[in-house]
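> 3D, please:
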Amino acid sequence: WDPAAGTAMQISVQAAGADHDALVAKNWKKQWLANGREESGITADQMDKMLAYIKAARSDLCHQSFVAVSPSGAVVGSAACQLWSGPAPQFDGDKAGTVWGVFVEPEHRRRGVATRLMQAVIKHWTSIGCQRGVLLCASEEARRVYERLGFGPGHMLLLELQPSDAAAPAPSSVTLETAHGAEADAHVLRHLRAKHLEERAPGASRWAGEELPERAAAFVKGARERLEYAVCMARDATGAVVGCASSNVWEGPGSNNHSWQTLIKLGVVWGLHVDREQRERDAVAAALLEHVVARWRETGCTKGFVMAASDAEAALFRRAGFEAHNAMTIELGRAPSPTSPIDLLRATAEAEADFVASLRASGAALAQQVPASRLALLRLPPPPMGGGGP
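Reported below is the predicted structural model:
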């Protein structure tokens, strides 16, 4: 609602091209400041680096920005989304989308604008073949928007890093070491292949045999050059490598990219695997993880991150102190079900947004003044399914 003109503002959400990249980058900065962070935490070249990142993501990661536009042509909100590119080697059979920089100008908040931007994001994810969406929400207000759309905790977990005593010793059956060079790559590849085959993911055999070597080698090469890559290895009494865990820092969109801000540095662990026949397998895995966490502390990381591959692996990380925190996911790769709580939440959110938009489009003064969340309460519930009699 425009108080000066006293007219309803019908916001439209539109796909945006490169001509809006600078606005998306500026809105990310506005979001950063609105969340109580200091401008001094943003690097001097943030704008240049972010514009270069968006350009590359548009070329390589199906990047798409969306803008919320008023009838006068003013952009009152924006969101950027793309394929999630890690920070670990990715498998085409399990694509994920991510979203960042969701921002709405203060005078247009609580009017359903963020919800409509996110609905456009989810449709884009679906159009490029994503099976799920992942994000790190920046505020409790944003969390409520995402929850109404069906987002919730999943296997994406974070660890708040605090000063700690030295890592506990590894099980007596193994010794741990950290490698930084290419001499460890063959061990990483073997354990990554075994991990995928054990998880029995769709297409795992094809992925492990055909795509993994090339993908993993390319990722590790780039991570070694730019992302402080290292691998922690466990050797048994004979000197054989029986376990691996790879580690690097986060490179990706949003507030966690350490190249355009200095307050958050996210350490990432991936490819954690110990040979099946290894004695004390779980204890060795836990020791590898603790070794990685110790390295994060040494290199100045403020948080740790993992995308667990299974419920069992998520449980291992939770035992080490990882939690969902502000990480949220949504499942996309299946047909909607009328009995699914997630689908019901998503359908309700879409219906409420349409209802609020229709009320405001009517021009009624009260509809412009009342927050969207309260207007949505006026919507009648859908009729019950089935017959009307007992």
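> Leaving out sequence neighbours, find the closest residue to Leu159.
Setting aside the residues directly before and after it, Leu159 is nearest to Gly304 in space (CB to CB, 6 or more residues apart in numbering), at 3.7 Å. Any C-beta I mention is one placed from the backbone N, CA and C, and that applies to glycine too.
> Confidence-wise, which helix or strand of this structure is lowest on average?
Lowest by mean pLDDT, DSSP states H and E among the helices and strands of the chain is helix 204-206, with a mean of 53.
> ok, Ile42 touching Trp28?
No. Using CB atoms under 8 Å as the test, Ile42 is too far from Trp28 to be in contact (9.4 Å).
> So for these two, which sits in the more crowded spot?
Trp28 (25 against 19; other CB atoms under 10 Å).
> And the helix or strand where the more buried one lies, what's buried?
Here Trp28 sits within helix 21-34, counting by DSSP states H and E. Within helix 21-34, the residues that qualify as buried are 21, 24-25, 27-29, 31-32, counting by 16 or more other CB atoms under 10 Å.
> Can you list the residue ranges for strands in the stretch 201-350 of the chain?
230-235, 241-249, 266-274, 303-307, 327-331 (DSSP state E, counting those that start in this stretch).
> Of those, which is nearest Lys123?
Of all the strands of the stretch 201-350 of the chain, the one in closest proximity to Lys123, counting by CB to CB, is strand 327-331 (12.5 Å).
> Tell me the gap between the closest one and the middle of its chain.
7 Å (CA atoms, centre = their mean, to the nearest Å).
> same for it, what does it pack against?
Under the contact criterion of 3 or more CB pairs under 8 Å, 6 or more residues apart in numbering; DSSP states H and E, strand 327-331 touches strand 132-136, helix 140-148, strand 156-160.
> nearest to Glu313, of these?
Between these, strand 156-160 lies closest to Glu313; by CB to CB that is 9.8 Å.
> Next, the angle from that closest one to strand 303-307.
Put simply, strand 156-160 runs at 160 degrees to strand 303-307, going by axes from the mean of the first three to the mean of the last three CA atoms, to 10 degrees.
> Tell me what angle strand 156-160 forms with strand 132-136.
20 degrees.
> Check the protein and tell me which residue is nearest its centre.
Leu135 (3.0 Å; CA atoms, centre = their mean).
> Dig out what that one forms beta bridges with.
Met328 (DSSP bridges).
> From here on, call the first residue 563.
Sure, I'll start counting at 563 from here, so that last one is Leu697.
> show me what contacts it?
By CB atoms under 8 Å, 6 or more residues apart in numbering, Leu697 lies in contact with 660-662, 708, 713, 889-891.
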